[in-house]
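>>> have a look at this fold, sequence not included:
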């Protein structure tokens, strides 16, 4: 990753109009924000620029309105909650381009913050239409991208504007990029990656990329069953993509050639039904009955994985080890997460985790705050783990 400019490179911004791309796509129920993580992530950049006397204009999308104005996807609903998180007044502007928006922006005082209407109300947003980019750019003097979670999309407000105005990374974007550089860009070896989740098919590119970059690849979740089946294990009724066993063998072969140790569970927790607290057995992988399904990694394997982490300096984590949403199948995820958190706190491990399920799992384990960095980005984090170039980041590179 080459260098990108940050807010430290900005100079005097008093009176300047700064378009800041944030991710305000927060979950809502009955008109209330149910999780304000993304609002809190946006706060440092917005507060810093406003405190320096800039006119801060927040650009964001909400939902998938497909280029039409939909009142239930208006960012007016998020303006109040954002103000609450910031502890200051935030105004709302009814468009993010055009004469009316320009008139509203012209009335703003220095040091104020305004949320502009949903960028996706314009058909040109997702097409990265140069005409829309030009209209948006008229509203600002400087562009700041603070939304890593939208950086994998080349849209008008995430990529186009970075070419139309002087472009900088906001504090949240900066923290994300610096953490990712430490995790896979120039990591301290040995490096371990935990990749879990239900299906191999969604993580194929991640696995293929990681085997050449990490020293230990820990595979959990339903994905592990496909790898076990590839090795000739009868996984019973477990979730398993039998059509991908050939691909799994290719990945194991590539890992072998790259001197990457792949860790698959050798003891597992099985049940005949997938529900909370059913009768379970902990068995060797070769003892899974035809009517049973593997729902978590067993305690012996988790202990061995913990020992492997103790030899590592860097950890990247994406996806749970088992069906963590339902007890007792959260045990492996929680145990391994606690080991990683303890090693991070003791200073021997740099730990970076990301993806929606992963964040939920680490919060469930009560250790999200103990990891070096937890990314709330889903798709962008996955694409970064696949080794892809993210357009929104690329556009910021100096």
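Structure received. Given the structure is predicted, the values throughout are model-derived calculations rather than measurements.

>>> what about residue 325, which helix or strand?
Remark: residue 325 resides in no helix or strand, with elements defined by DSSP states H and E.

>>> distance check, it against residue 35.
16 Å (CB to CB, to the nearest Å). From N, CA and C alone the C-beta is placed, and that goes for glycine too.

>>> check residue 141 too.
Separation of residue 141 from residue 35 (CB to CB) stands at 33 Å.

>>> then residue 253?
41 Å.

>>> could I get the contacting residues of residue 189?
215, 313, 314 (CB atoms under 8 Å, 6 or more residues apart in numbering).

>>> can you tell me the closest non-neighbouring residue to the second one?
Taking CB to CB, 6 or more residues apart in numbering as the measure, residue 313 lies nearest to residue 188, with 4.1 Å between them; neighbours along the chain are not counted.

>>> shaky segments in the protein?
1-2, 398 (pLDDT under 70).

>>> now do 50
Residues of the chain meeting the criterion pLDDT under 50: 1.

>>> let me see the domain layout of it.
7-173, 187-385 (automatic domain parsing).

>>> my guess is residue 40 meets residue 84, correct?
No. If you go by CB atoms under 8 Å, residue 40 and residue 84 don't touch, sitting 10.6 Å apart.

>>> now residue 248: how far from residue 266?
Taking CB to CB, one finds residue 248 at 16 Å from residue 266.

>>> who's more crowded, those two?
Neighbours were counted for residue 248 and for residue 266 using other CB atoms under 10 Å; residue 248 has more, 25 against 15.

>>> what's the nearest residue to that one if we skip its chain neighbours?
Nearest one to residue 248, counting by CB to CB, 6+ apart, is residue 230 at 3.9 Å.

>>> and the contacts of the strand or helix carrying residue 91?
Per DSSP H and E, residue 91 falls inside strand 90-93. For strand 90-93, the external contacting residues (CB under 8 Å, 6+ apart) are 57-58, 75-76, 79-80, 82-83, 101, 104-105, 108, 112-117.

>>> stretch 362-374 too?
175-176, 179, 182-183, 317, 324, 330, 333-334, 337-338, 340-342, 344-345, 349-354, 358-359.

>>> quick one: buried ones out of those?
The neighbour-count test (16 or more other CB atoms under 10 Å) applied to these identifies 175-176, 179, 182-183, 317, 324, 330, 333-334, 337-338, 340-342, 344, 349-354, 358-359 as buried.

>>> strands - which of those residues land there?
Counting by DSSP state E, the members of those that fall within strands are 317, 350, 351, 352, 353, 354.

>>> what's the distance between the fifth one and residue 338?
Read it as residue 353. Taken as CB to CB, the span from residue 353 to residue 338 is 13 Å.

>>> same question for residue 138.
As judged by CB to CB, residue 138 and residue 338 stand 52 Å apart.

>>> got a list of what residue 351 touches?
Counting by CB under 8 Å, 6+ apart, the residues that residue 351 touches are 314, 315, 317, 340, 341, 343, 344, 371, 372, 373.

>>> now the residues you listed as TSV including distance to residue 274?
Formatted as TSV, these follow (distance: CB to CB, whole Å):
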residue	distance to residue 274
314	34
315	29
317	24
340	26
341	28
343	32
344	32
371	29
372	34
373	33
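
>>> which of these sits closest to residue 300?
residue 340 (18.1 Å; CB to CB).

>>> SS state for the nearest residue to residue 235 once chain neighbours are set aside?
Distances taken as CB to CB, 6+ apart put residue 225 closest to residue 235, at 4.6 Å, once the chain neighbours are dropped. Taking DSSP: H, G, I helix; E, B strand; the rest coil as the rule, one finds residue 225 in the helix state.

>>> burial measure for residue 225, as a count.
If we define neighbours as other CB under 10 Å, then residue 225 has 29 of them.

>>> residues touching it, list them.
Contacts of residue 225 by CB under 8 Å, 6+ apart are 235, 238, 239, 240, 294.

>>> any chance of those in TSV, with neighbour count, distance to residue 392 and secondary structure too?
What follows is the contacts of residue 225, written out as TSV (neighbours: other CB atoms under 10 Å; distance: CB to CB, whole Å; DSSP: H, G, I helix; E, B strand; the rest coil):
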residue	neighbour count	distance to residue 392	secondary structure
235	23	40	coil
238	20	38	coil
239	18	34	coil
240	24	36	coil
294	29	38	strand
